[in-house]
Structure formats: C-alpha cells, structure tokens
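Chemist: 3D, please:
(one chain, ligands or ions: 3)
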Amino acid sequence: MKRTTPVIPAEDIQRQKEYCAELRGRNAQRPVPPRAYVDTYGCQQNEADSELLRGMLADMGCAIVDDDQGADIIVINTCAIREHAEQRVFGNVGALVHGKRKNPDQIICLCGCMAQEPHVAQRIRQSYRHVDLVFGPQQLWRFPEFLRRVYLRRGRVFETDQDDGAIAEGLPVRRSGKLKAWVSIMYGCNNFCSYCIVPYTRGRERSREPGNILQEIKALADRGYKDITLLGQNVNSYGKDLEGGWEFPRLLEAAAAIPGDFLLRFMTSHPKDATEKLFDVMARCEKVAPVIHLPFQSGNTRVLTAMNRRYTREQYLDKIRALRARVPNVVLTSDVIVGFPGETDAEFEDTLSLIEAVRFDALFTFIYSPRKGTPAAELDDPMPKEEKSANFDRLVEAQNRISLEKHQAYIGTVQRCLIDGAGEDPRNNLTARTAGNRLVHLSGDPALIGRYADIRITACSTWALFGELV
Ligand code: SAH
Ligand code: SF4
Ligand code: F3S
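Modeler: Numbers count the residues shown, from 1 in each chain. Ligands and ions are numbered 1, 2, ... in the order given. Predicted coordinates:
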C-alpha cells in the first residue's frame, strides 16, 4: 500500500530486539532481575506508550513493578498539556534524587511530551543531573538502544531533536488490563489549535495500515478482551496519508465486523471532521459503543476561530443534532477551556449556554494554560485569574447539575454492563460500565468480573450509578 508518511523498516525494529536480547543476557547474570517502574502522566496515548515501554523492559529481562521504591530503572512518561501537569513532573523527578543517592546504579529516564519541549530538555540537562536518559515520543521505539547506551556508560543520553515521527510496528507490548485494551490507529496531530502543544510534541499525523490494526483487534478479541478503544489525537483524520480510500468510518466498520463479544470505542474525535458517515456507522454497528467524546472547547464562534478550531458554534450544534438523529441514546462527553486569552464574560456565557443546549453526560473542564511556542501564548490575556476561576466554578456547577439529571434518568432502567473490577466500598464490591461507559457500583460475586450482566439502576450520584444484578 502506498503511503505518504514513513514506516520504520523491519530490520531497524529487529535491531532493537537484538539490543533487548543483549540486555536480557546481561540481566540474567544478576542474582535478581532489575526492577523497572514506568510512571505515566497525561492521555490514553501515553498509557498505550507506557504499555510498549513495559513490553520492551520485560523483553530486556526486567521485573515490572508498581512503584518506584527500590526500583533499578524508573521511566517517567510525561505530559505537557498544561502547566500543572509539568509542575507535578518536575516535583516528582526532583524527589527521585534521594533514592538515587542510596542506589547510584539506578537509571532514571524521562520521556513523553515534555521531553520534546526544548526548554524542558534544557532544564533537565542543567538542573536534574540525576536523570540519565531523555527521549521524545517519536523515539520511543529506540528505547532499548538508548538504555544500552546508558548501561555502557557513555554518560547521559539526550535524544530530543524535533522529529515528525514515523510508524513503528511489531514492538513488544505488556498490557495493563485483561478486559480493556488500547489500540493506537494513528499518531501525531496536524490541527495546530492555537493553545495546544501536542502538534509540537507528537509530530505529524500518520496512520497505521488498516491490516495491522484489524489484526491486532482480532488477536485481542480472540484473547477475550471485551472493551477496545481505538486511539488517536484526531481519529477522524485516519487514513489521509494512506491510499486505497481508507478513512475512519470504514476502519471502524471493518473492526466491528471482527467476531467476538466486545465493544469498540474511539478517542478523540475532532468535530470539524466528525461526519454523518461516522454517525451512520455508530448507528449501524452494534459493536460500536453508543458514546463519543467530542471536544467543543468553547461555545463562542469568535473564540473558536481564535483557537483555530475550524468550526462554528452552529456547526457544532448541527453535528450533535445529526448524531442524535441517528444514535438517540448516545452518551456525549466533551472538553472545554475556560479563560482562553481575550475571552470575555459574554463569550463565556456562550459556553454556558452551549452546555445547557447539548446537555453532555460528562465534561472535562480546563482553565487555559499558556504553552511556550504556541500562538495563543503570545495573545493578550487581560482577564484576572480570579475571574477565570469564578467562570470555571459556574461551568462545573452547571455541568454537575446536568450530569446528575442525566444519571437520574437511568434509575429504574436495566443496562447491559461489563463487570470490570472490584469496588473500594465493601457494600458495593464490584464496578461495572454501561455500553456508554458510565460507572456503576454494585455488589455481587467477584467471579463475575470480566462478564457482561444486566444491572437494574437503583440510585445515582453526579459521577456514578448504583445498581443490582437482575
Ligand atoms: N486531541 C484531543 C485533545 C488532546 S488534549 C482533541 O483535540 O480533542 C485534551 C484537552 O486538553 C483538550 O481537548 C483541551 O480541552 C485541553 N487543553 C489542551 N491544551 C490546553 C491548554 N493550553 N490549556 C488548557 N487546556 C488545554
Ligand atoms: Fe491539540 Fe487541537 Fe490537535 Fe487536539 S486537535 S491535539 S487540541 S492541536
Ligand atoms: Fe499530554 Fe502529550 Fe497526551 S501533552 S495529553 S501526553 S499527547
């Protein structure tokens, strides 16, 4: 299949596997295998990347552990989306200096989106000298090679050059769950929303071959995975770099045709290219969960234009109408930013009125955080912090009311749910998810975990439903 974005040659992936084998041989000579800990910040894409990092570490003969206490290798997979996320990473990386003093052979690695920001790499180089290895997301497949270089004591390794990225297939993966799995279908982002750092950290949009994706989903379904989420920064751009007319709705429909008792989800959809074709597939395919995360960011068209989102308030509302006409029970979630530079109180009111008009099931609300190197960071931002916080609080309050009302409408209904884990409250020892991914607490036999069951909803809160087995 012809394509316009590069794929890493199989022999280069093979070479990384040989580095893994070399390190495995080396680790086998130790009395106990080295303990490796991967800490993940940020989005599902990072969660999926961490499963690859753990896969490579396991392939190198490491024991994967759940916390940094006593770890021989620590990998911090970072997120750069907001200032707050970065501060947490700097704090936690700073604190690792004590452990390293006790265990000077410990290797500390920092990867993910922050590693791809020049000012971060510079700060780590100068002020966090206990960090041995720094590499950006596009270099992830070369982790064994980098770690080997650190082992061979060639000093600290920094691989943070700007990189548009390629597709790496066939990396080992160590999945965190037995029921739910992520499947990346594409990488990178070309949208350059004016506030967002992702296009600078994740490189250009590039799609995996449909055959490889479908094969991965089939293997997951065969192994009993029940909930499979297709991942990309903007899944609706899937296939633009591929020949053969592959686009996201077609991929989704082909995935839904794979035999097995599982549900498919996808994240994230950009409204500008969420099409009626996609909504038709959602309506047509029983295996596609009736849920969509469709970030609107602002309810005001001037702000949307300044954000470079390339749709208007009316176009967004039209999409929702078109979607609900086809999938009436669709669960809708979204992201919104409060306090974009220059957003006025009147413009914020449009965001409030949009959430009242749409009535999302849940909303992820963020206060704007300036990101170095993005166009929005250069804009005048006259609104004081307190005013932004007050608007934020009003938005959260309105959404909490809507979420509660939406949950109340479930009471008395019976939902087919996947029982997916143990709950923390002994009165409700199990958790489950509706097809629309709403959380349900219930009590029952833990042997039911991993099965679908009909649950009658009896009560609710803003954030969850409560029910009993039918
Ligand atoms: N690719 C996804 C979003 C990834 S980032 C999409 O386009 O939908 C997740 C969310 O973080 C965004 O939807 C946005 O609401 C928020 N976000 C991104 N950059 C931000 C910034 N600089 N300040 C505050 N919130 C931001
Ligand atoms: Fe960021 Fe916009 Fe790309 Fe989403 S679509 S990752 S918000 S630039
Ligand atoms: Fe964060 Fe990078 Fe994801 S900035 S949200 S980890 S793409």
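Chemist: which stretches of the stretch 301-450 of the chain form helices?
Modeler: Listed in chain order, the helices of the stretch 301-450 of the chain (DSSP state H, counting those that start in this stretch) span 301-306, 313-326, 345-358, 385-408.
Chemist: Distance to residue 453 added to those helices, as TSV?
Modeler: Any C-beta I mention is one placed from the backbone N, CA and C, and that applies to glycine too. Converted to TSV, those look like this (distance: least, CB to CB, whole Å):
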stretch	distance to residue 453
helix 301-306	42
helix 313-326	28
helix 345-358	31
helix 385-408	19
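Chemist: closest one to ligand 2 among those helices?
Modeler: Each of the helices of the stretch 301-450 of the chain has some distance to ligand 2 by CB to the nearest ligand atom; the shortest is helix 301-306, at 11.6 Å.
Chemist: check whether that closest one contacts ligand 1.
Modeler: No - judged by CB under 6 Å from any ligand atom, helix 301-306 and ligand 1 are separated, with a smallest distance of 12.3 Å.
Chemist: give the contact list for the residue of the stretch 251-400 of the chain found nearest ligand 3.
Modeler: Ligand 3 sits closest to residue 371 of the stretch 251-400 of the chain, with a gap of 9.0 Å, by CB to the nearest ligand atom. Listed by CB atoms under 8 Å, 6 or more residues apart in numbering, the contact partners of residue 371 are 80, 81, 82, 195, 196, 197, 377.
Chemist: Which of these are buried? Put it as a ChimeraX command.
Modeler: With 16 or more other CB atoms under 10 Å as the burial test, the buried ones among the contacts of residue 371 are selected in ChimeraX as follows:
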select :80,81,82,195,196,197,377
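Chemist: in the helix or strand hosting residue 98, what's buried?
Modeler: Assigned by DSSP states H and E, residue 98 belongs to helix 83-102. Neighbour-count burial for helix 83-102 flags 85, 86, 89, 90, 93, 96, 99, 100 (criterion: 16+ other CB under 10 Å).
Chemist: Including distance to ligand 1 and pLDDT, could the residues you listed go into JSON lines?
Modeler: Written out in JSON lines, the entries for the buried residues of helix 83-102 read as follows (distance: CB to the nearest ligand atom, whole Å; pLDDT from 0 to 100):
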{"residue": "85", "distance to ligand 1": "10", "pLDDT": "92"}
{"residue": "86", "distance to ligand 1": "11", "pLDDT": "96"}
{"residue": "89", "distance to ligand 1": "16", "pLDDT": "96"}
{"residue": "90", "distance to ligand 1": "17", "pLDDT": "97"}
{"residue": "93", "distance to ligand 1": "21", "pLDDT": "97"}
{"residue": "96", "distance to ligand 1": "27", "pLDDT": "96"}
{"residue": "99", "distance to ligand 1": "31", "pLDDT": "94"}
{"residue": "100", "distance to ligand 1": "32", "pLDDT": "94"}
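Chemist: Go through those residues and say which is closest to ligand 3.
Modeler: Minimum separation from ligand 3 among those (CB to the nearest ligand atom) is found for residue 85, which lies at 6.7 Å.
Chemist: surely the closest one meets residue 43?
Modeler: No - between residue 85 and residue 43 there is no contact, the gap being 10.2 Å when judged by CB atoms under 8 Å.
Chemist: Return the most buried member of the helices of the stretch 301-450 of the chain.
Modeler: Neighbour counts (mean count of other CB atoms under 10 Å) averaged over each of the helices of the stretch 301-450 of the chain peak at helix 301-306, with a mean of 19.
Chemist: The top strand by length along the chain pairs with which strands?
Modeler: Counting residues, the longest strand found in the chain (DSSP state E) is strand 414-425. Taking DSSP bridges as the criterion, strand 414-425 forms sheet pairs with strand 428-434 (antiparallel), strand 452-460 (antiparallel).
Chemist: Residues in contact with the helix or strand bottoming out on mean pLDDT in the chain: which ones?
Modeler: Every helix and strand in the chain was compared by mean pLDDT, DSSP states H and E; the lowest is strand 414-425, with a mean of 93. When contacts are taken as CB under 8 Å, 6+ apart, the neighbours of strand 414-425 outside the stretch itself are 179-180, 226-227, 263, 429-435, 440-442, 444, 446, 448-457, 465, 467, 470.
Chemist: Of all the residues in it, which ones are buried?
Modeler: 415, 417, 418, 419, 420, 421, 423.
Chemist: Tell me the gap between it and the middle of its chain.
Modeler: Averaging C-alpha positions (CA atoms, centre = their mean, to the nearest Å) puts strand 414-425 22 Å from its chain's average.
Chemist: Surely residue 467 is in contact with residue 443?
Modeler: No - Residue 467 is not in contact with residue 443 according to CB under 8 Å; the separation is 9.7 Å.
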